[in-house]
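1. Attaching a predicted model along with its sequence, questions to come.
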Amino acid sequence: MRPHALLAAATLAAAVTACGGDPAAPTATTSSRGALDAGTDLTTAAAPTRSAGRIVYTLPAVGAGDIYVRNADGTGTPTDLSNNPAHDYAPSASPDGTRIVFVSDRDGDPEIYVMNADGTNQTQLTTNAARDLSPAWSPDGKKLAFVSDRDGAQEIYVMNADGSGTTRLTFDGASAFSPTWSANGRQIAFESSREGNDEIYVISATGGAETNVTNDPSSDDDPAWGAKGRKIAFSSERSGDVDIFVMGADGSRPTNLTNTPSAYELWPAWSADGKKIAYASIVPGGSQIFIYIMNADGSNQTLLGAGEEPSWLP
């Protein structure tokens with residue numbers, strides 16, 4: 001589904017332009033977007049439609065972009081954290097909420113950087129002529145999984161949170177992307193196109209055998225492992241468009257949460273308590289790409305504002 005991700009970046013620039021460049025537009029509203037399958041085994045959410053915490057996200061602009069933060073309940077004004085003329089994107093908040101890792105091309109090619117949660121102390125972690133992408137924190141905050149084509153193919157790597165001790169995990173020669181850690185830190189899920197379409201695989205955090213947990217002829221992408229370890233949210237084309245699904249960590253019982261034929265939904269991200277999922281929604285062919293928040297069962301889908309690639313910041 002990487003083509004859809006590219007579509008997202010292109011259409012968000014149009015969306016921001018259409019909104020006059022205001023990262024807060026439009027204001028948050030509540031939406032009832034599609035019915036859900038009944039009787040599914042999901043982490044249920046409390047009644048309120050909003051969740052505590054903050055959302056860090058990418059707000060691309062024409063030729064560039066920055067990492068922003070805003071309250072998950074829609075209050076307040078979004079804040080530009082990275083504030084750099086280069087393109088900054090793919091933020092991931094550390095489990096303790098003190099740091100944000102992200103990708104930037106300010107060094108001339110995509111590298112991984114880290115900054116404090118208030119945007120200070122921006123530090124480059126990787127220095128490689130290849131592309132280093134899609135960073136994700138381990139649950140203890142000591143490691144980062146990421147994607148790099150430094151060895152000729154786009155594979156999954158792990159390094160220490162200070163950029164040292166890089167280890168390659170996958171060796172398949174296919175395009176891998178979107179690593180996400182299990183709650184106990186022992187496994188990493190990721191997407192790969194090795195079988196001709198995108199599937200979600202699980203591998204030990206130290207490497208070894210890989211298991212295809214989706215095994216579907218449609219593309220399955222953007223895995224996000226829930227904080228309690230039992231569920232993986234992901235985006236999939238198996239519904240005929242692109243929706244957010246959730247499944248057991250072993251691939252069992254995939255369930256469509258968004259079910260909106262008029263839009264593509266991408267980049268699911270769990271809140272720390274497992275009760276909410278943030279995601280991005282795109283209207284194909286239009287200039288509509290915005291972040292929504294919903295309960296973990298798909299109910300109470302609420303528009304937060306323009307943006308993509310959300311990550312929860314406690």
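-> Received the coordinates, thanks. Numbering: from 1, shown residues only.

2. which outside residues touch the strand or helix carrying residue 268?
-> Take DSSP states H and E as the rule and residue 268 turns out to sit in strand 264-270. The contact list for strand 264-270, computed with C-beta atoms under 8 Å, 6 or more residues apart in numbering, reads 1, 4-5, 7-8, 221-222, 224-227, 233-235, 241-244, 258, 276-284, 292, 296, 308-312. No exception for glycine: its C-beta is placed from N, CA and C like everyone else's.

3. Narrow these to those in strands?
-> Judged by DSSP state E, the contacts of strand 264-270 include 221-222, 224-225, 233-235, 243-244, 276-283, 292, 308-312 as members of strands.

4. distance of the spatially most central residue of the chain from residue 80?
-> By C-alpha atoms, centre = their mean, the chain has its centre lying nearest to residue 267, at 4.0 Å. For residue 267, the distance to residue 80 (C-beta to C-beta, to the nearest Å) stands at 20 Å.

5. And for residue 230?
-> 36 Å.

6. Tell me who's in contact with residue 203.
-> 156, 169, 170, 187, 188, 190, 209, 210, 211.

7. Mind pulling up the pLDDT for the third one?
-> The reference is to residue 170. Predicted confidence (pLDDT) for residue 170: 96.

8. Tell me how many other residues surround the nearest residue to residue 131 once chain neighbours are set aside.
-> Once flanking residues are discounted, residue 131 sits nearest to residue 110: 4.5 Å by C-beta to C-beta, 6 or more residues apart in numbering. Using other C-beta atoms under 10 Å, residue 110 has 23 neighbouring residues.

9. hang on, residue 110 packs against residue 104?
-> Yes. Between residue 110 and residue 104 there is a contact at 7.3 Å, judged by C-beta atoms under 8 Å.

10. quick revisit: what separation do you get for the residue nearest to the centre of the chain and residue 279?
-> In terms of C-beta to C-beta, residue 267 sits 6 Å off from residue 279.

11. again, but for residue 226
-> 14 Å.

12. what about the two, which has more around it?
-> Shown here are residue 226 and residue 279; by other C-beta under 10 Å, residue 279 has more neighbours (26 against 22).

13. Mutual contacts of residue 267 and residue 279, please.
-> Joint contacts of residue 267 and residue 279 (C-beta under 8 Å, 6+ apart) are 235, 310.
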